[in-house]
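Q: Sharing a sequence plus its predicted fold:
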Amino acid sequence: MATLGAQKKHKVTIVGSGNWGTTMSKLVAENVEAHPTLFDQTVQMWVYEEDVTIPKDSRHFDPGSETSNKPQKLSHLINTLHENIKYLPGITLPPNVVANPDLPDSVKEATIMVFVLPHQFIPRVCDQLAGKIVPFARAICCTKGVDVSEKGIRLMSEAIGMRLNIYCGALSGANIASEIAQEKYSETTVAYDPPPMDSRAPTPSGSPTSSQVDLISPSKPNPSARSARLKALPAEYPPLSHENVRKLFHRPYFHVRIVDDVAGVSLGGALKNIIALAAGFVDGLGWGDNAKAAVMRVGILEMVAFGKAFFEDSAKTSTFTEESCGVADVITSCMGGRNFKCAKKATATGKSIFEVEQEDLNGQKLQGTSTAYEVNSFLRSQGLEADYPLFTAVYNILEGNVKPEQIPQLIEPKAK
Ligand SMILES: NC(=O)C1=CN([C@@H]2O[C@H](COP(=O)(O)OP(=O)(O)OC[C@H]3O[C@@H](n4cnc5c(N)ncnc54)[C@H](O)[C@@H]3O)[C@@H](O)[C@H]2O)C=CC1
Ligand SMILES: O=C(CO)COP(=O)(O)O
């Protein structure tokens, strides 16, 4: 590992290279350069490898060049063009971002891992990493989603932390990636609250397998007892204090507020995607801004109620109302997010949203659709679908059981 005298530096890997993943790589790479005593100067970015042909409208397309017309590895294109032409076209990446298609190799010396994958891929990727990471590494989850199984629900940060046996915080906010990539001002919320770690505690021989990992259910909130098994950061590394974590993410155009509420930050990011679908459905009907505001109001109330009901020891109402990861993210997502835009187009054209996602997003993934299914399956298992009429309506629209036109009746409070 790179050292400065006795002081070691943190190596950072971005696990993911989509629209937000590539944007995070850019801003983190700028920050490691700005703080050379804290961070190693190279930022690895894990790329889910695929073959990509340079589009004809790309500034890198050269009609005279043979390679321009042939599919090439995305990681190779990123490293030679310093641009992710598929997922973040038109944005130059700093030269210290190194795309790496080999997952274990990309994290091999990382003391900080930033997870930015669509949430459905997190469990499989973590299982591939188990036992291959620096045991005292820490993670920040920028993914928006939840992890639901028949046993219960857990946050994506918990899914990562438990699978890899490391501490994992969360970053979420009103953050449309393309705007941040263009360095337009925005703010975000980072939740980072590692438990005190006992460096004398025995280190587990490897990360627990999925079957050994306890799920969080309403009756069993965040199992912080596991903190005794986490490994402390060796003293030769700069502490991963709030101040140093902030230095990793804060940019003049990307303002960071740090809080302790990992559950609130994670849930805000996950649940707003369902609300954005509802906003898209009513907008696609041509119903205007008042209708959008109505579903946003009901959705925010359901988001807060969900946090209270299932993460009562952790999620704070103030996180939803006061921080970028709550109401502010609902607003931006219902104006310009992909979930909103695809739901709107699906309603307006009569196509299914899954078709629109395939046709319009060029490989980018919606998170609201699968989250609506996952949240519904969890609510149904608790017999609580009726308490969350907007979340339930979105699920039923996706399933074709009801129509977007029925949203007003479906979310109207029922007389007791
Ligand atoms: N794009 C945005 O504006 C923002 C996105 N987010 C969240 O960040 C997370 C990641 O989203 P994006 O970076 O935008 O991704 P994206 O939706 O732009 O791209 C999809 C990514 O998934 C990868 N992928 C496809 N199949 C895979 C597989 N089998 N295993 C692993 N990876 C695979 C693709 O290579 C690509 O990198 C999501 O949870 C999203 O909600 C959060 C804030 C803003
Ligand atoms: O999370 C986002 C903005 O904060 C992006 O939302 P979409 O995935 O709907 O584009």
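A: Sure thing, it's come through. Ligands and ions are numbered 1, 2, ... in the order given.
Q: For the stretch 51-200 of the chain, which segments count as strands?
A: With DSSP state E, counting those that start in this stretch as the criterion, the stretch 51-200 of the chain has strands at 51-52, 72-73, 97-100, 112-115, 138-141, 146-149, 152-155, 167-172, 186-191.
Q: Pull up the per-residue confidence for the residue of the stretch 1-150 of the chain found nearest ligand 1.
A: For the stretch 1-150 of the chain, the residue closest to ligand 1 is G18, as judged by Cβ to the nearest ligand atom, at 2.2 Å. In short, each C-beta sits where N, CA and C put it, glycine included. Predicted confidence (pLDDT) for G18: 98.
Q: Could you pull up phi and psi at it?
A: Phi and psi for G18, reported as degrees, to the nearest 10, are phi -80, psi -150.
Q: In contact with the closest residue to it other than its chain neighbours, which residues?
A: Closest residue to G18 in three dimensions, ignoring its sequence neighbours and counting by Cβ to Cβ, 6 or more residues apart in numbering: Y87, at 4.8 Å. Shown in contact with Y87 (Cβ atoms under 8 Å, 6 or more residues apart in numbering): 17-19, 21-22, 363-364.
Q: Neighbour count added to the residues you listed, as a markdown table?
A: Shown next, in a markdown table, are those (neighbours: other Cβ atoms under 10 Å):
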| residue | neighbour count |
| --- | --- |
| S17 | 28 |
| G18 | 22 |
| N19 | 24 |
| G21 | 27 |
| T22 | 27 |
| G363 | 14 |
| Q364 | 16 |
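Q: which residues does the residue nearest the centre of the chain contact?
A: Computing the C-alpha centroid of the chain and ranking residues by Cα atoms, centre = their mean puts T143 first, at 1.2 Å. By Cβ under 8 Å, 6+ apart, the residues touching T143 are 16, 115-119, 122, 156, 269.
Q: Using CSV, please lay out these together with neighbour count.
A: Below are those laid out as CSV (neighbours: other Cβ under 10 Å):
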residue, neighbour count
G16, 26
F115, 30
V116, 25
L117, 26
P118, 19
H119, 23
I122, 22
M156, 26
G269, 30
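Q: what's the closest of these to ligand 2?
A: Ligand 2 has its nearest neighbour among those in G269, at 6.4 Å by Cβ to the nearest ligand atom.
Q: Relative to I397, how far out is A386?
A: Per Cβ to Cβ, to the nearest Å, A386 is found 16 Å from I397.
Q: now do F354
A: In terms of Cβ to Cβ, F354 sits 13 Å off from I397.
Q: Check K8 too.
A: Going from K8 to I397 by Cβ to Cβ gives 52 Å.
Q: Who has more neighbours out of these two?
A: Comparing K8 with I397 by other Cβ atoms under 10 Å, the one with more neighbours is I397, at 24 against 18.
Q: Could I get the buried residue list for whatever helix or strand the more buried one lives in?
A: According to DSSP states H and E, I397 maps onto helix 389-399. When burial is assessed from 16 or more other Cβ atoms under 10 Å, helix 389-399 yields the following buried residues: 389-398.
Q: check contacts around the residue in the stretch 1-150 of the chain that ligand 2 sits nearest to.
A: Ligand 2 sits closest to K144 of the stretch 1-150 of the chain, with a gap of 5.4 Å, by Cβ to the nearest ligand atom. Contact analysis of K144 by Cβ under 8 Å, 6+ apart lists 119, 156, 172, 269-270, 272-273, 367, 371.
Q: Columns distance to ligand 2 on top of these, output as a markdown table?
A: Listed next are these as a markdown table, based on distance: Cβ to the nearest ligand atom, whole Å:
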| residue | distance to ligand 2 |
| --- | --- |
| H119 | 11 |
| M156 | 13 |
| S172 | 7 |
| G269 | 6 |
| A270 | 10 |
| K272 | 7 |
| N273 | 6 |
| Q367 | 6 |
| T371 | 10 |
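Q: and which of those is nearest to P413?
A: K272 (21.7 Å; Cβ to Cβ).
Q: Quick check, pLDDT for that closest one.
A: Per-residue confidence for K272 comes out at a pLDDT of 98.
Q: continuing past the lowest-mean-pLDDT helix or strand in the chain, what's the next helix or strand?
A: Least confident helix or strand, the chain: strand 3-4 with a mean of 48, by mean pLDDT, DSSP states H and E. Note on strand 3-4: by DSSP H and E, the next helix or strand toward the C-terminus is strand 7-8.
Q: Just checking: what are the partner strands of that next one?
A: strand 3-4 (antiparallel) (DSSP bridges).
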